[in-house]
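Trainee: Pasting the sequence and the predicted model now:
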Amino acid sequence: MQKQLRVNNYIRIPQVQVIDDKGQQLGVMPTFKALELAREKNLDLVEVGPQAQPPIAKIMDYGKYIYRKERQEKGQTKQKDQEMKTVRVGFKTGVHDLKFKSEQIDEFLKEGHPVKIELTLRGREKALANMGRDKLDNFIKLISTPHLVQQGIKRSPFGWVIVIKREKK
């Protein structure tokens, strides 16, 4: 979180540039006079630009200001948070199951989640890795939601992996 702002009597500078609660510039005035103006309106004097000469102080409700800042920060973290969904498909998975899994992926993409698709190869299937890659290519064609490849098809210790995300309109 950001550095704590100085409020009311904690502002120790003799003169400040004052902005009132409606956003109007009131000009440079002594700090004690700005404090009196803020108290008349039952608000706080908050130093918002300490590095300016003279420092900029704004008349506002400090509690509301902090509350809005916290809400804004929480909202930003939620937007960034996208859960990666994983769908596993086996080498021998049947056509009906592949269609079901592709519908599941369509739902994930519509919700905005990136999807990691893993094609697993077990035992002797690993010798048929190229056929597994072809199967993964064909499976991706079953996905009806427009999508972009975020990470191309890569070989992994257990088979093949691809990551896709929804195409932005």
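Mentor: Arrived safely, thanks for sending.

Trainee: can you give me how far the lowest-mean-pLDDT helix or strand in the chain is from the chain middle?
Mentor: The helix or strand of the chain with the lowest confidence, counting by mean pLDDT, DSSP states H and E, is helix 62-80 at a mean of 77. Relative to the mean C-alpha coordinate of its chain, helix 62-80 is positioned 13 Å out (Cα atoms, centre = their mean, to the nearest Å).

Trainee: Next SSE downstream of it?
Mentor: Proceeding C-terminally, helix 62-80 gives way to strand 85-90 as the next helix or strand, assigned by DSSP states H and E.

Trainee: Check which residues of whichever helix or strand comes after that next one are buried.
Mentor: Per DSSP H and E, strand 85-90 leads on to helix 95-110 as the next helix or strand towards the C-terminus. Of the residues in helix 95-110, those buried under the neighbour-count criterion (16 or more other Cβ atoms under 10 Å) are 98, 101-102, 105-106, 108-109. Glycine gets a C-beta too; all of them are placed from N, C-alpha and C.

Trainee: Adding pLDDT as columns, could you present those residues in a markdown table?
Mentor: Below are those laid out as a markdown table (pLDDT from 0 to 100):
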| residue | pLDDT |
| --- | --- |
| 98 | 92 |
| 101 | 94 |
| 102 | 93 |
| 105 | 93 |
| 106 | 93 |
| 108 | 91 |
| 109 | 90 |
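
Trainee: Just send the residues you listed back as a markdown table, with distance to residue 53 too.
Mentor: As requested, these are arranged in a markdown table below (distance: Cβ to Cβ, whole Å):
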| residue | distance to residue 53 |
| --- | --- |
| 98 | 68 |
| 101 | 64 |
| 102 | 63 |
| 105 | 58 |
| 106 | 59 |
| 108 | 54 |
| 109 | 53 |
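
Trainee: In contact with residue 87, which residues are there?
Mentor: For residue 87, the contacting residues are 101, 104-105, 108, 115-118, taking Cβ atoms under 8 Å, 6 or more residues apart in numbering as the criterion.

Trainee: Quickly list what it is bridged to.
Mentor: Listed beta-bridge partners, residue 87: residue 117 (assigned using DSSP bridges).

Trainee: Need the per-residue pLDDT for it.
Mentor: Confidence at residue 87, expressed as pLDDT, is 94.

Trainee: quick one on the thing from earlier: buried set for the least confident helix or strand of the chain?
Mentor: Going through helix 62-80 with 16+ other Cβ under 10 Å, the ones that come out buried are 62, 65.

Trainee: what helices or strands is it leaning on?
Mentor: For helix 62-80, the contact count by 3 or more Cβ pairs under 8 Å, 6 or more residues apart in numbering; DSSP states H and E identifies strand 44-49 as packing neighbours.

Trainee: Pull out the buried positions in the strand it packs on.
Mentor: For strand 44-49, burial by neighbour count (16+ other Cβ under 10 Å) applies to 44-47.
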